[in-house]
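Trainee: Return atomic coordinates for the entry below.
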Amino acid sequence: MIAQLYRSLQDAVRAAVKATYQIELDAVVLERPPQVKLGDLATPLPFELARRLRRSPREIAAELAAALPKVEGVVRAEVAGGGYVNFRFDRGWVFRGTVAEAQTPPAKSRQNVSHSNPPFTAGDTVSATPTVLILPGWQNSGPEHWQSCWERRHGDRRVEQRDWCAPKRADWMAALEAEVSAAPGDVVLVAHSLGCVLTAHWAATSARAVRVRGALLVAPPQLDRADMPSELADFRPIPQQRLPFPAVLVFSTNDPFSDAGWSHGQAEVWGAEPVDMGARGHINAESGLGEWPEARAIVTKWTKDLI
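Mentor: Residues are numbered from 1 along each chain as shown. Just a heads-up that it's a prediction; the model follows:
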């Protein structure tokens, strides 16, 4: 039910943008506001449109809220902050639909136990063997990176991005969504650096997050630090919601892109198991890990177990 509402809301935002600005959108990012009182979902789209239209994000947000077609299950769209559009659900409608779905037996069932309350539900039919998706960070992972070693040795699938050097959150999320959608069953996510932040953004909004068996999150960057590259700004702020699937967060005590204390705290926020690697830098090709069999064992467990 929530997945249906999510898709309908995306379609409505696309229609409002096309009708108001004659712009065709490939992807519409929807995210959870930091506080429940701000609404059920929000879109930062007016900020992106403001750069293209050279106008105030807040003005654009007001126009989009006014132009939004009626969406069943959404009671209100309102402007928030400097240019967000926040959406509030008809909770009675959502509840009735969710109960109806729960009372309808699925065509095919699978053993799957949720580790926390996933943001959405989806009725995807899945296979027994999950696909391992490689999520590199900024500037991609080179041939000697452990992610590339795994890709060659195990046949993992890399999520290719349109622009590795000037990453855009909406584009990266759309690429991940497409790969998960195309996978024949469950997936395991193997993320490095900015790929970890991508995972958190995607998990907070995608109906297909329920298909993730587990996520290995290695060396997430501390994006709120003043010395972070400006190219990564589009991924701020880092989502602070608990991930709706099992996760292990591996960090280093001398990572130039994050402090060990912050990494440990972020693992707690995401509900991930923290693993301290000691002094291993950014846990990349320069860290001397080779094929890193210890970490691969975590992925292997997720690919073999119905967790």
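
Trainee: And V212, its phi and psi?
Mentor: Main-chain dihedrals, V212, degrees, to the nearest 10: phi -90, psi 120.

Trainee: ugh, typo on my part, it should be V79
Mentor: phi -80, psi 140.

Trainee: Test my guess that it contacts A62.
Mentor: Yes. With contact defined as Cβ atoms under 8 Å, V79 reaches A62; the gap is 5.2 Å. Yep, even glycine has a C-beta here, placed from its N, CA and C like the rest.

Trainee: ok, these two, which is more surrounded?
Mentor: Between V79 and A62, V79 has the larger neighbour count (other Cβ atoms under 10 Å), namely 20 against 16.

Trainee: Give me the average confidence score over stretch 60-68.
Mentor: Taken as a whole, stretch 60-68 has a mean pLDDT of 94.

Trainee: wait, stretch 27-35
Mentor: 80.

Trainee: can you list contacts of it?
Mentor: With Cβ atoms under 8 Å, 6 or more residues apart in numbering as the contact definition, stretch 27-35 has outside contacts at 6, 9-10, 13-14, 39-45, 80, 84, 86-87, 119, 169-171, 173-174, 177, 201, 204-205, 239-241.

Trainee: For G185, see how far away F235 is.
Mentor: Distance, F235 to G185, by Cβ to Cβ, to the nearest Å: 28 Å.

Trainee: between those two, who's got more neighbours?
Mentor: Higher neighbour count among F235 and G185: F235, with 22 against 15, using other Cβ under 10 Å.

Trainee: mind listing what the more buried one touches?
Mentor: By Cβ under 8 Å, 6+ apart, F235 lies in contact with P167, R169, L194, V197, L198, H201, L223.

Trainee: Skip the chain neighbours and tell me the closest residue to the last one.
Mentor: Closest residue in space to L223, ignoring its immediate chain neighbours: R236 at 5.0 Å, by Cβ to Cβ, 6 or more residues apart in numbering.

Trainee: Look at the one you found and say how many residues are nearby.
Mentor: 11.

Trainee: ChimeraX command for the buried members of the contacts of stretch 27-35?
Mentor: In ChimeraX, a selection of the buried entries from the contacts of stretch 27-35 looks like this (16 or more other Cβ atoms under 10 Å):
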select :6,9,10,13,14,39,40,41,42,43,44,45,84,86,87,119,169,170,171,173,174,177,201,204,205,239,241
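
Trainee: just for the stretch 1-150 of the chain, where's the confidence low?
Mentor: Residue ranges of the stretch 1-150 of the chain with pLDDT under 70: 1-2, 35-37, 91-128.

Trainee: ranges for the helices of the stretch 1-150 of the chain?
Mentor: In order along the chain, the stretch 1-150 of the chain carries the following helices (DSSP state H, counting those that start in this stretch): 2-21, 45-53, 57-67, 91-102, 146-154.

Trainee: and the angle from the longest one to helix 45-53?
Mentor: When axes from the mean of the first three to the mean of the last three Cα atoms, to 10 degrees is applied, the directions of helix 2-21 and helix 45-53 differ by 30 degrees.

Trainee: Out of the contacts of F235, list just those in helices.
Mentor: Among those, the ones falling in helices (DSSP state H) are R169, L194, V197, L198, H201.

Trainee: Which residue, neighbours along the chain excluded, lies closest to the first one?
Mentor: The reference is to R169. Nearest one to R169, counting by Cβ to Cβ, 6+ apart, is D234 at 4.8 Å.

Trainee: State the distance from that neighbour to A65.
Mentor: The spacing between D234 and A65, counted by Cβ to Cβ, is 23 Å.
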